[in-house]
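Colleague: predicted model follows, preceded by the sequence.
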Amino acid sequence: MNIIVCIKRVPQTAEADVKVDSTGRDIIKDRLAFDMNESDSYALEEGILLKEKYGGTVTVISLGYPETEDTLRIAMAKGGDTAIRIKQEEFGDVDGYKTAKILSAVIKDLNYDLILTGCMASDDAYSMVGQTLAELLGIPHATLVTKLEISDKKVQVHRELEGGLLEHLELSLPAVITIQTGINTPRFASLIAIRRAASKEIKMIGKGDLSTDIDTNATLEELFLPPVGKRAEIIIGSADEVATKIAGIIKEKGLL
């Protein structure tokens, strides 16, 4: 089974003070740590587990700048067989659709049975690249998958729905699956594996290597922090007093 895993290098901003830089179109990255997108790490682990069970290869692909090569080498150290970096510096600004279109232009010429991606990137939170990629390639897809099993060129998937519900689907291969966090336990790369991966070749693909024209209409105009709105108001008093105040607020807002 030939598996493709799409990953992304993202800044770790959960505990960082994120600030927009002087251009207004990017963030200040000097003191930020970068790593593989969280849900992508689960997708990579799932691909490696499937390879270990069924045989085949895992090809890791990322649209990114030169620094992304470090993330790709970690992916190979964990169990990826080959890696491809698509040179983002040649494509300008990208959104979810343009990212999927670039990926599809590369993947359509590869031999694959299954494509795995994370369900969402933690930096832009588009949560649309996987399903858009599937539509562009003309193959079935399932999102937010928490369990999958493969047999007879079909994949049985369980995916999360709203309200804690689960959905069971059967898809014919090839297919695109976007992986939810928690589906497995991502492994760590050993020091020996990291050293071996450091000498492995990463294939570079630029705009001139693609047979498909890529629209360059996506333009990032501005980044800004959400404006701070009015904070919550705690109403105190007896039940009658609170009810009277709430009724007054509702009337003032024109809801009555």
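Modeller: Done, it's in.

Colleague: doesn't I115 belong to a strand?
Modeller: Yes - the assignment for I115 is a strand, going by DSSP: H, G, I helix; E, B strand; the rest coil.

Colleague: so what's it up against?
Modeller: The contact partners of I115, by Cβ atoms under 8 Å, 6 or more residues apart in numbering, come to 3-6, 107, 130, 133-134, 137, 139, 174-177. Every C-beta, even on glycine, is put in place using the N, C-alpha and C of the backbone.

Colleague: gap between the two ends of stretch 55-69?
Modeller: For stretch 55-69, the first-to-last residue distance is 25 Å (Cα to Cα, to the nearest Å).

Colleague: weed out the non-buried ones from the contacts of I115.
Modeller: 3-6, 107, 130, 133-134, 137, 139, 174-177 (16 or more other Cβ atoms under 10 Å).

Colleague: which of those residues sits closest to K53?
Modeller: I3 (11.1 Å; Cβ to Cβ).

Colleague: what's that closest one sitting at in phi/psi?
Modeller: phi -120, psi 140 (degrees, to the nearest 10).

Colleague: which SSE is the closest residue to it other than its chain neighbours in?
Modeller: If you skip the residues right next to it in sequence, I3 has G47 as its closest partner in space, 4.5 Å away by Cβ to Cβ, 6 or more residues apart in numbering. In this structure, G47 is located in helix 38-54 according to DSSP states H and E.

Colleague: can I get that helix in PDB, CA atoms only?
Modeller: Extracted C-alpha coordinates of helix 38-54, given in PDB (Å, rounded to 0.1, in the frame of the first residue of the first chain):
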ATOM      1  CA  GLU A  38      -0.500  18.500  15.700                       C
ATOM      2  CA  SER A  39      -3.200  16.600  13.800                       C
ATOM      3  CA  ASP A  40      -0.700  16.000  11.000                       C
ATOM      4  CA  SER A  41       1.500  14.100  13.400                       C
ATOM      5  CA  TYR A  42      -1.400  11.800  14.100                       C
ATOM      6  CA  ALA A  43      -1.900  11.400  10.300                       C
ATOM      7  CA  LEU A  44       1.700  10.500   9.900                       C
ATOM      8  CA  GLU A  45       1.600   7.900  12.700                       C
ATOM      9  CA  GLU A  46      -1.500   6.400  11.200                       C
ATOM     10  CA  GLY A  47       0.200   6.100   7.800                       C
ATOM     11  CA  ILE A  48       3.300   4.400   9.400                       C
ATOM     12  CA  LEU A  49       1.000   2.000  11.300                       C
ATOM     13  CA  LEU A  50      -0.800   1.100   8.100                       C
ATOM     14  CA  LYS A  51       2.600   0.600   6.300                       C
ATOM     15  CA  GLU A  52       3.800  -1.700   9.200                       C
ATOM     16  CA  LYS A  53       0.600  -3.700   8.900                       C
ATOM     17  CA  TYR A  54       0.100  -4.000   5.200                       C
END
